[in-house]
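J.: Build me a model:
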Amino acid sequence: AKLKTQTSKLKTTKAGFPLKALLMTGALAASAGLGFGFALRINSQKEPGSTIFHTDQSFPPRSNWPLSEPQL
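T.: Numbering: from 1, shown residues only. Now for the predicted structure:
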């Protein structure tokens, strides 16, 4: 009877291992992504154009830039 109990435990452990590994990998990836996103959010630069994540863009003034209305 003891051998049968050990065999059933072994089968359950083998079947549960891929699921546990997948869940642990997902939890690790999610926490790394949250940490990286939080670091980007907190350490944002204030000057326009200082990073690729900044919404405002700064362009140097050009005297010969055409100021006509766009054609649709």
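
J.: all helices for the chain, in order.
T.: 2-42 (DSSP state H).

J.: burial count for residue 35?
T.: A count of neighbours around residue 35, defined by other C-beta atoms under 10 Å, yields 10. (Glycine included, C-beta is placed from N, CA and C.)

J.: what's the distance between residue 31 and residue 37?
T.: For residue 31, the distance to residue 37 equals 11 Å [C-beta to C-beta, to the nearest Å].

J.: before we move on, what about residue 15?
T.: For residue 15, the distance to residue 37 equals 35 Å [C-beta to C-beta].

J.: cool, and residue 67?
T.: The spacing between residue 67 and residue 37, counted by C-beta to C-beta, is 40 Å.

J.: go on, residue 24?
T.: 20 Å.

J.: Quick one, grab the pLDDT at residue 7.
T.: Listed pLDDT for residue 7 reads 57.

J.: ignore the last one, residue 46
T.: We have a pLDDT of 68 for residue 46.

J.: please begin residue numbering at 129 from this point
T.: Renumbered: residue one is now 129, and that last one reads residue 174.

J.: Just give the number of residues close to residue 151.
T.: By the measure other C-beta under 10 Å, the count of residues near residue 151 is 10.

J.: Correction: the previous question concerned residue 171.
T.: 8.

J.: Kindly report the same for residue 150.
T.: Using other C-beta under 10 Å, residue 150 has 10 neighbouring residues.

J.: which residues does it contact?
T.: For residue 150, the contact set (C-beta atoms under 8 Å, 6 or more residues apart in numbering) is empty.

J.: sorry, back to before: spit out the residues that contact residue 159 and residue 165 alike.
T.: By C-beta under 8 Å, 6+ apart, no residue touches both residue 159 and residue 165.

J.: re earlier: which one's more surrounded, residue 195 and residue 165?
T.: Using other C-beta under 10 Å as the criterion, residue 195 and residue 165 rank with residue 165 on top: 10 against 4.
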